[in-house]
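**Student:** predicted model and sequence follow; I will ask about them next.
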Amino acid sequence: MKARSMLLESAKAILAATVVGTLIVSAAPAPASASIGSGFVDGSGDWTNDWENEGPIGMGSYSRNNVVAMWQQILWAEGYLAGFDIDCVFGPVTAAATRAFQDVNGLFITGRADPDSFKYVSRWLQEGSAPGKYRYIGIESRRIDFNRQSSGIWNMYIGGDLHNLSYTYANFDVCD
């Protein structure tokens, strides 16, 4: 955890420079992905590999939905976004935070939440206290609570608001 916190400090400078660059240069839309076929973050069998084929989401492709809210929550948990930046819209601030996150963690820098980024963050998922309950643990013990339904579809809590992680709609209260 301490190494992740130390990396965060260097990421803040990268993030600030990237936000400025993002506002000047527009990002090309990402291609659609077969991994989004079901319309939800989902899986079957072992839960530990469910996120490995998710995405890409970014500016121009699947840019407003509950999966964006999930990615923004993860960026918040890792210290790259403030809580007020979680709005279900993958805009310039989220793209810049994503690039900073990818850079600091040695991932290919795309500015999109792509399968490699989702696979990387899935390492911090932990089983909860009951079947189908999971928790993401970020820096400073920031956590995100998830459920995985028996159908394999994942849901996430934002506050007391629980919704399916859909690529096709944005219905968390923060999405208004």
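**Tutor:** Sure thing, it's come through.
**Student:** so how far is residue 97 from the closest residue in space to residue 127 that isn't next to it in sequence?
**Tutor:** With C-beta to C-beta, 6 or more residues apart in numbering as the criterion, residue 127 has its nearest non-adjacent residue at 6.1 Å, and that residue is residue 134. Backbone N, C-alpha and C define where each C-beta goes, glycine included. Separation of residue 134 from residue 97 (C-beta to C-beta, to the nearest Å) stands at 23 Å.
**Student:** got a list of what the residue nearest to residue 127 touches?
**Tutor:** The contact partners of residue 134, taken as C-beta atoms under 8 Å, 6 or more residues apart in numbering, are 47, 125, 126, 127, 128, 145, 146, 147, 148.
**Student:** doesn't it lie inside a strand?
**Tutor:** Yes. Counting by DSSP: H, G, I helix; E, B strand; the rest coil, residue 134 falls inside a strand.
**Student:** ok, the nearest residue to residue 132 once chain neighbours are set aside - contacts?
**Tutor:** Spatial nearest neighbour of residue 132, chain neighbours left out: residue 148 (5.1 Å); criterion: C-beta to C-beta, 6+ apart. For residue 148, the contact set (C-beta under 8 Å, 6+ apart) comprises 43, 47, 50, 132, 134, 154, 155.
**Student:** same thing but at 10 Å, please
**Tutor:** By C-beta atoms under 10 Å, 6 or more residues apart in numbering, the contact set of residue 148 is 41-43, 47, 50, 125, 128, 131-134, 154-155, 165.
**Student:** against residue 44, how distant is residue 50?
**Tutor:** 8 Å.
**Student:** which one's more surrounded, those two?
**Tutor:** More neighbours surround residue 50 than the other of residue 50 and residue 44, with 21 against 9 (other C-beta atoms under 10 Å).
**Student:** phi, psi for that one please.
**Tutor:** Residue 50 has phi and psi values of phi -60, psi -30 when expressed as degrees, to the nearest 10.
**Student:** mind checking which of the contacts of residue 148 are buried?
**Tutor:** 41, 42, 43, 47, 50, 125, 134, 154, 155, 165 (16 or more other C-beta atoms under 10 Å).
**Student:** surely the fourth one meets residue 150?
**Tutor:** The reference is to residue 47. No. Shown here, residue 47 and residue 150 do not form a contact pair, counting by C-beta atoms under 10 Å, at 11.8 Å.
**Student:** what's the overlap in contacts for those two?
**Tutor:** In contact with both residue 47 and residue 150: residue 132, using C-beta under 10 Å, 6+ apart.
**Student:** per-residue pLDDT of the residue most central in space within the chain, please?
**Tutor:** Centroid check for the chain by C-alpha atoms, centre = their mean gives residue 71 as the closest residue, at 1.6 Å. pLDDT, residue 71: 98.
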